[in-house]
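>>> Predicted model and sequence below, questions to follow.
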Amino acid sequence: MKPDLGPAQRELHTIWVMPLANANSYGSAMGTELDEAAMPADVTKTPVPAAITTPSRVEAGIGDLEFTDGYPTGETAEKLRDHLDYLHGVETFMNTIQGVSTYALREGFLEAGVLDNDVLIFSELMDSRTLALTANADTVYFWTFLDLSQGPLVLETPADTLGLLDDMWFRWVSDFGLPGADRGQGGTYLVVGPDYDGPLPEGGCYVRHSRTNHVLLVGRAFINENPGMDPAPTVARIKEQLKIYPYAAGGLGSSIGAYLTGKGALGQPATPQSPRFVEGTGLAINTIPPNDFGHYEMLDALVQLEPAEALDTELAGQFAAIGIVKDEKFAPDARLRRILDEAVAVGNAASRTLGMGASPTEGFRYYDDESAWWNMLFAGGFEFTNPPPHVTADGIKPFPNKGARQLHSRTSMFYTATCITPAMCMRLTGVGSQYLIANVDSDGAPFDGAKTYRVRLPKDIPAARFWSLNLYDNQTRSLLQTEQIYPRAGSQEYPSPAAEAEPDGSTVVYFSPARPGEVAPGNWIQTDPEKGWFVILRLYSPLQSFFDKTWRAGEIEPVT
C-alpha cells in the first residue's frame, strides 16, 4: 500500500521519478541540488528512437553530409547553405513566372513607346512579328496597363468583346464583355488600387479592386460577323466606345442624399476620355520574360514596383531567401550568382517540361494518355486549386476543395501563355473560348519543321463563333515566324483564306515548309525547316460536344 502523501511530498515524489537530466534541471531551478546517488535505482534514460537522430554520415545526391553527434561539420554546413540557395532559386523561378511575365509585357510596351493607360490595338490582327506568349492571329486585340497609383480609374468597355483585368501577379481581377458583368453590352467599371481609401460610388458602375497599382487589361474582339470578316468595323467600335479616365469622387454613382447623411462625397462626374491608341499590327516588339539570370532581376524590379502587401507571404519568402526583398537592394555576391545561374537553368528546364506537356504524371491530357491534346487548366482551374466545376442541368457541381495550390498547373500555364480568367477554362457552352495544345505527333515525337504533318478535325467542330489552329515557335512560344506572317488556319476567311471541308464534313489541315500541291491555301500552315513548333486549337463559344468529348480532335500525323 502506498503512503498518503501531502502536497509538498507529492511534488517531491514527482521529481524523484523524473529522468535524471530533467530532475537535475528542476532541482537547480528550485535552488536544490539533488543527489544522483539518492535517486531510486530504477530510474533509466528515456529510449531514443533511431528515427529522430541524425547519423554521423549521410550519403546524398549533393555529396556526403557529416555530423558530430548531430552537429554539422563546417564543410557540410557550407554545402547545405549552397544547396538551400539553389533550391530557393529553382522554386523562385518556377513559382514567379506569372509575375515576371506580366512585368515583361509592360516593359515591352514601354520600350515600344506604349505608356500606361495607352492602348495597343491590332487593327489588322496580330502577326508573327510581335513576340507574345501564344497570342492568336484571329481576333482584334487591345491591350493596356492601367496605372492606379494616382487613384481609381473609370473604364468604359466596348460591346461584344472578351475582356479581362489581371493584376501584376496574373491574379484575376475581373472579366468584362461577354463573360463579364456587362454581358457583352458594354459597361462602366471602376478599377480601384490597393492604397485608395476614399469614397466609392453607391452604384452606376461595377467596382473592382486590385492588389497591385498596375493592372493588365486585355480585350479580344471579333470579326467573324463583319462583311468579308473585315476587322475595320470592330476596330472602329473599340476606338469609339473604349474610355479610360480618372474617377472623380462624389460624381458617378454618388447621390446627394448620401453626402447629406455624411456617408459619401459630393462632386461633379468626370468627363469620359478616349485613350491614346497605338497601332500594334506589324510591330516588332518583345514581351517574353527572360530564361536566364535576368528573370531574378526582373522579379526584383516587380517587387520594388508594387506594394509589399501585394505579395503572398509564403511566395515572397522563397525569393527573400535569395535576397529579393521589398525596399532592399538585390546584389548577390559571386557565390550566390554562380548558384542562381545554375538554378535558373534547371528551373527553366523544369518549367519548359511542364509548359510543353512533356510531364506524363500531371493529368493534363484532355482525352486520354494516347492523345497528344492537352490543357493544364482543366487540372487546376483559373486559380490553380481545383478543376473548373461541371455545369449540369441542376447547376454548378464543383470539385471537392483539396486546399492545395497546383503549382505545376500554374507553372505550365504561365510558361506557355498569358492572362488568366475563368472564361478560359469554364465548362459553359456558348461563352468564352477553349483551347487544346499539341506538342508531339501521333507517334509521340516532337514536331520537326522540316517534315509534313496533317490533322483531321471531324465534322461539326464544336465552336458556335469560329475555330482556328495557330502555330507557335517552341523557343519563343510566340507565333511562328515564316513568310506566312499569319500562321493560322480556321473557319474565318481573314487574315488568311478559310479552311475548306472534305466531302464528309471533316477538315484536314497540313503543316509543312511548302504547301502540298493538292492542298487549298486555307488548309495549310507553313513551318520553318530549322524550327520546332507546337499548335493550339481554339474554339470560340464552344459547344457541348467539346465538353462531353463526343467530338474529338484527330491526332497530328506525320506524312513524310
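Looks like it arrived, so ask away. If you're wondering where the values come from, they're calculated on a predicted model, not measured in any experiment.
>>> all contacts plus neighbour counts: C-alpha atoms, from now on.
Will do.
>>> Under the pLDDT cut-off, which ranges of the chain? List them.
1-43 (pLDDT under 70).
>>> show me the contacts for the most centrally placed residue in it.
Closest to where the C-alpha atoms of the chain average out (C-alpha atoms, centre = their mean) is residue 414, at 4.1 Å. Residue 414 sits next to 97, 98, 101, 355 when contact means C-alpha atoms under 8 Å, 6 or more residues apart in numbering.
>>> again with residue 164
172, 173, 174, 175, 176, 217, 218, 219, 419, 420, 421 are the contacts of residue 164 under C-alpha under 8 Å, 6+ apart.
>>> What sits closest to it if chain neighbours are left out?
The shortest distance from residue 164 to any non-neighbouring residue, by C-alpha to C-alpha, 6 or more residues apart in numbering, is to residue 175 (4.2 Å).
>>> burial count for that neighbour?
24 (other C-alpha atoms under 10 Å).
>>> and of the contacts of residue 164, the nearest to residue 237?
Using C-alpha to C-alpha, residue 219 comes nearest to residue 237 of the contacts of residue 164, at 12.7 Å.
>>> Can you verify my assumption that that closest one contacts residue 158?
No: using C-alpha atoms under 8 Å, residue 219 is not in contact with residue 158; the gap is 9.3 Å.
>>> Looking at these two, which is more packed in?
Using other C-alpha under 10 Å, the more surrounded residue of residue 219 and residue 158 is residue 158, with 26 against 22.
>>> how far away is the more buried one from residue 222?
Distance from residue 158 to residue 222, counting by C-alpha to C-alpha, to the nearest Å: 12 Å.
>>> cool, and residue 176?
15 Å.
>>> Who has more neighbours out of those two?
Shown here are residue 176 and residue 222; by other C-alpha under 10 Å, residue 176 has more neighbours (29 against 22).
>>> Give me the next element, helix or strand, following whichever strand or helix holds the more buried one.
Assessed by DSSP states H and E, residue 176 sits inside strand 172-177. Per DSSP H and E, strand 172-177 leads on to strand 188-192 as the next helix or strand towards the C-terminus.
>>> picking that back up, summarise which helices and strands the strand holding residue 176 is packed against.
strand 161-167, strand 206-209 (3 or more C-alpha pairs under 8 Å, 6 or more residues apart in numbering; DSSP states H and E).
>>> Next up, the contacts around residue 483.
Applying C-alpha under 8 Å, 6+ apart, the residues near residue 483 are residue 526.
>>> Show me where the stretch 51-200 of the chain has its strands.
57-60, 63-68, 71-72, 119-121, 130-131, 140-147, 153-156, 161-167, 172-177, 188-192 (DSSP state E, counting those that start in this stretch).
>>> for those, which one sits closest to residue 403?
Across the strands of the stretch 51-200 of the chain, closest to residue 403 is strand 172-177 (C-alpha to C-alpha), at 18.8 Å.
>>> from memory residue 476 sits against residue 128, does it?
No: counting by C-alpha under 8 Å, residue 476 stays clear of residue 128, with 10.9 Å between them.
>>> Of these two, which one has the most company?
Neighbours were counted for residue 476 and for residue 128 using other C-alpha under 10 Å; residue 128 has more, 26 against 18.
>>> Secondary structure class of residue 345, three-state.
helix (DSSP: H, G, I helix; E, B strand; the rest coil).
>>> May I have the residues that are in contact with the closest residue in space to it that isn't next to it in sequence?
Among residues not flanking residue 345 along the chain, residue 292 sits closest, at 6.8 Å (C-alpha to C-alpha, 6+ apart). Contact partners of residue 292, counting by C-alpha under 8 Å, 6+ apart, are 341, 344, 345.
>>> top of those by neighbour count?
residue 344 (24 neighbours).
>>> Could you check how far that one is from residue 104?
Counting by C-alpha to C-alpha, the gap from residue 344 to residue 104 is 17 Å.
>>> what does residue 237 give?
From residue 237 to residue 104 the distance is 29 Å (C-alpha to C-alpha).
>>> Who has more neighbours out of those two?
Using other C-alpha under 10 Å, the more surrounded residue of residue 237 and residue 104 is residue 104, with 21 against 14.
>>> So what's the residue count around residue 246?
18.
>>> And for the one 4 residues further on?
Around residue 250 sit 23 other residues, with neighbours defined as other C-alpha under 10 Å.
>>> ranges for the helices of this structure?
In the chain, the helices defined using DSSP state H lie at 7-16, 20-29, 74-95, 97-111, 232-241, 256-260, 294-305, 313-320, 334-355, 377-380, 407-416, 544-547.
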